[in-house]
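Peer 1: fold the stuff below for me.
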Amino acid sequence: MPILYDREKPKFHLYNESVSYIIGICAGRFPENLYYGRRIHDISGVKKEHRDNWRALTVCVGGIDEHISLHHLSHEYPSYGSSDFHYPAFSVLQDSGSRISGFAYESHEISRGKKPIPPLPSVYAESDSEADSLDIVLFDAVTGLRLILSYTIFASFPVVTRSACFLNSGSLPVVLDRAMSFSVDLPDSDFEMLQLSGAWSRERNILVRKLTEGIQSVHSMRGTSSAEHNPFIALKRANACENSGDVYGFSLVYSGNFLAQAEVDSFDRTRVMMGIHPDTFSWPLGSGESFQTPEAVLVFSSSGLNSMSQTYHELYRTRLARGYWRDRDRPVLLNNWEATAFGFTESKILQMAKSAKELGVELFVLDDGWFGKRNDDSSSLGDWQANPAKLPEGIEGIARKIRAEGLMFGIWIEPEMVNPDSDLYRAHPDWILSVIDRVPSIGRHQCVLDFSRPEVVDYIGTAIEKILGCSFVSYVKWDMNRYLTECGSRGLCAAGQGTVFHRYILGVYSLYERLTKAFPEILFESCSAGGARFDPGILSFAPQTWTSDDTDAIERLKIQYGTSMVYPLSSMGNHVSEVPNQQVGRMTHFDTRGNVAFFGMLGYELDPDGLEAGEREKIRSQIDIYKKNRTLIRTGLFYRILSPFEGNFTAWIVVSKDKQYAIAACYRVLAGANPDETLFKLQGLSPETRYRIDGRGDQCYFGDELMYAGLRIAQDEWNTRGDFASILWRLGPGE
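Peer 2: Next up is the predicted model:
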């Protein structure tokens, strides 16, 4: 069992072949982190700063015989106010007005496998042999609160998951106004912090900064995980790169407001914590009630960023995503939005579907505008009945006709929103998030439905079930096109208003759970004005996410490269669109548009009938290539080679698990005069295997040559392509 308990120390050692995580119980009371990093056999004879080297202004914790300063303790879950002056992991407001806590070790349980943490999504183990778990139970004798710190170590992943649960076993109510998912103290600050930040249409750009004394953080208070900052950070050594060096990754399985921060103290030690953002959170906890924090997934890599990312990819693809589509290749789709927007008719849709089928498309998606009186974005959100003026036989009729063409059929929904100009809003104006006596803000002509209220979620669930239950629908694009403002609920008293942001996300999860259980073979794709809710929480229900509204291939290089830091290619919806691109106006080669979109789940955003014959043939060829390689793309190991954030070239490769096949691409943004050859060093191949490369004749190359000497791209190969050029290689076994 990969969790050892030393009763005499006392001490817990969570380990596998790659990582060790060691917890001690200081003075019989306080869980402290003794070590986290590369696998070691044991740690003993440790002298900690809290017992030695006393300084002026040092304060000892009260109520115990030993002289211990909690400020110098490497806490597993720290509190504030009893000699630790860092930011705390939690804060409990008691009936007396005090926020001082005194949790002490009470008991622990070691178990096989991994338990779920309802009502929240989490990673899972399919058998007890895949993981082992530890619960450390702490008790506060004054309040009667119990605090359960939960850990899981996976057998085959360098992964430790963490969460916390508060149980009020006392007689008086309390209020949680801070409850982070985890905290971990690292012994130095020689790190750079990597974050994924940006905005709409340029999501998840990579930013790196050196840790300095003080607090470095990213957060969202927008009601979603957001386009501005993803719920992920990594701490990497200064010499760590894609393929070497120590890296710690921290990812939160949550879709709402979050805070991720690294605090460096005056002795150059680093405290990392992540969880629900405390500034929008206040949770009353009555006697007998409990509160579960979201789960955090901690990944350690001693082999650089690629190794960290590959761990997240495999774990999230196979032990976070669930259901029918988890292990299946996804259909190539065509979405009508960029071709028609709201201005479509049934005959136009059917003609597009017929043409798409001829090109090899497998799924037609009808986007916004099919319901209510929806001819622009100002009306009808919430009125989930087909518009008979556009679809005379409703969704069932159009779906039946498209299926008759040999295509699957999908629809767009935005179930969390309502337009003031809608029958739903006129009937239930109190069903929006709003604050009494304040005028609600409007975004995209819409308000946010109060998903903290079960009756609202149930109404929307029933309406969507009616559509999906009789319509031969195979795919749902679930959109969410504005952030949350005036986040109050008419369904809660004043004391409950601090729970609304979190209850809202629980409502979103409950609707996803309801619909995915009712329609297990429907493929759900998450969308939030593109990629503004691209996070592990949603990935648990929807195995892929619309990566960005920006479909420009050159902009997508950065977006997809950054997204791959945490999320697998199987989760990225990537589409080829027409030029000039609607977001940036760029004219990019059809080949390059396809070569970028290949590295994810492929789709098209265009009208096939508006293309020239040569372009339609390119689509047919692209789809054929993609279908031959999509299992490899979905399940293979992805390596980042050249970064779009560092130069004119981007490159990456996907290699099959058996290292027999690979698909790689190199992209050049701007052409230059009289360029030299480009040396492109592949990664992840078997050194002893001979590979044949499509388009390079009968010559075979050993893997070590391609990785260490490199593949040379001649000057004339680039010169004929101009700006925004790309080259795609497919590798297979040679003779």
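Peer 1: and the helix or strand harbouring Tyr459, what does it pack onto?
Peer 2: Using DSSP states H and E, Tyr459 sits in helix 454-469. Under the contact criterion of 3 or more C-beta pairs under 8 Å, 6 or more residues apart in numbering; DSSP states H and E, helix 454-469 touches strand 408-413, helix 500-518. Every C-beta, even on glycine, is put in place using the N, C-alpha and C of the backbone.
Peer 1: out of the helices and strands in the chain, which is least certain?
Peer 2: helix 715-719 (a mean of 74; mean pLDDT, DSSP states H and E).
Peer 1: starting at the chain centroid, how far to that helix?
Peer 2: Chain-centre distance of helix 715-719: 38 Å, with C-alpha atoms, centre = their mean, to the nearest Å.
Peer 1: show me the helices in the chain, by range?
Peer 2: With helices called from DSSP state H, the chain shows them at 304-319, 337-340, 346-359, 394-404, 423-427, 454-469, 500-518, 536-539, 553-563, 590-597, 613-635, 703-704, 715-719.
Peer 1: tell me which residues of the helix holding Tyr459 are tucked away?
Peer 2: By 16 or more other C-beta atoms under 10 Å, the buried positions in helix 454-469 come out as 456-457, 459-461, 463-464, 467-468.
Peer 1: ditto for stretch 605-617
Peer 2: Residues 605-608, 611, 616 are the ones in stretch 605-617 that count as buried (16+ other C-beta under 10 Å).
Peer 1: and if you look at stretch 242-252?
Peer 2: Residues of stretch 242-252 classed as buried: 242, 244-252 (neighbour count, 16+ other C-beta under 10 Å).
Peer 1: span of it from start to end?
Peer 2: 22 Å (C-alpha to C-alpha, to the nearest Å).
Peer 1: before we move on, what about stretch 528-542?
Peer 2: End-to-end distance of stretch 528-542: 13 Å, with C-alpha to C-alpha as the criterion.
Peer 1: distance from the chain centre to it, please.
Peer 2: 6 Å.
Peer 1: go on, stretch 381-390?
Peer 2: Averaging C-alpha positions (C-alpha atoms, centre = their mean) puts stretch 381-390 32 Å from its chain's average.
Peer 1: repeat for stretch 488-502
Peer 2: Mean-position distance between stretch 488-502 and its chain equals 27 Å (C-alpha atoms, centre = their mean).
Peer 1: flag the shaky bits of this structure, pLDDT-wise.
Peer 2: Scanning the chain with the threshold set as pLDDT under 70 gives 1, 45-58, 62-63, 65-66, 83, 719.
Peer 1: domain map for it?
Peer 2: Annotated domains of the chain cover 50-315, 333-635, 649-733 [automatic domain parsing].
Peer 1: in TSV: these, plus distance to Val19.
Peer 2: Supplementary listing: the domains of the chain in TSV, determined by distance: least, C-beta to C-beta, whole Å:
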stretch	distance to Val19
domain 50-315	4
domain 333-635	18
domain 649-733	21
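Peer 1: which among those is found nearest to Arg322?
Peer 2: Of all those, the one in closest proximity to Arg322, counting by C-beta to C-beta, is domain 333-635 (6.4 Å).
Peer 1: what angle do the strand of greatest length in the chain and helix 500-518 make?
Peer 2: Criterion DSSP state E: the longest strand present in the chain is strand 174-186. With axes from the mean of the first three to the mean of the last three C-alpha atoms, to 10 degrees applied, the angle from strand 174-186 to helix 500-518 works out at 80 degrees.
Peer 1: thinking again about what came up before, and the helices and strands packed on helix 454-469: which comes nearest Asp716?
Peer 2: It's strand 408-413; of the helices and strands packed on helix 454-469, that one is closest to Asp716 (C-beta to C-beta) at 43.0 Å.
Peer 1: in contact with Gly734, which residues?
Peer 2: 690-692, 700-701 (C-beta atoms under 8 Å, 6 or more residues apart in numbering).
Peer 1: in strands, which of those residues appear?
Peer 2: Short answer: these in strands (DSSP E) are 690-692, 700-701.
Peer 1: what's the closest of these to Ala532?
Peer 2: Nearest member of the ones in strands among the contacts of Gly734 to Ala532, counting by C-beta to C-beta, is Tyr691, at 40.0 Å.
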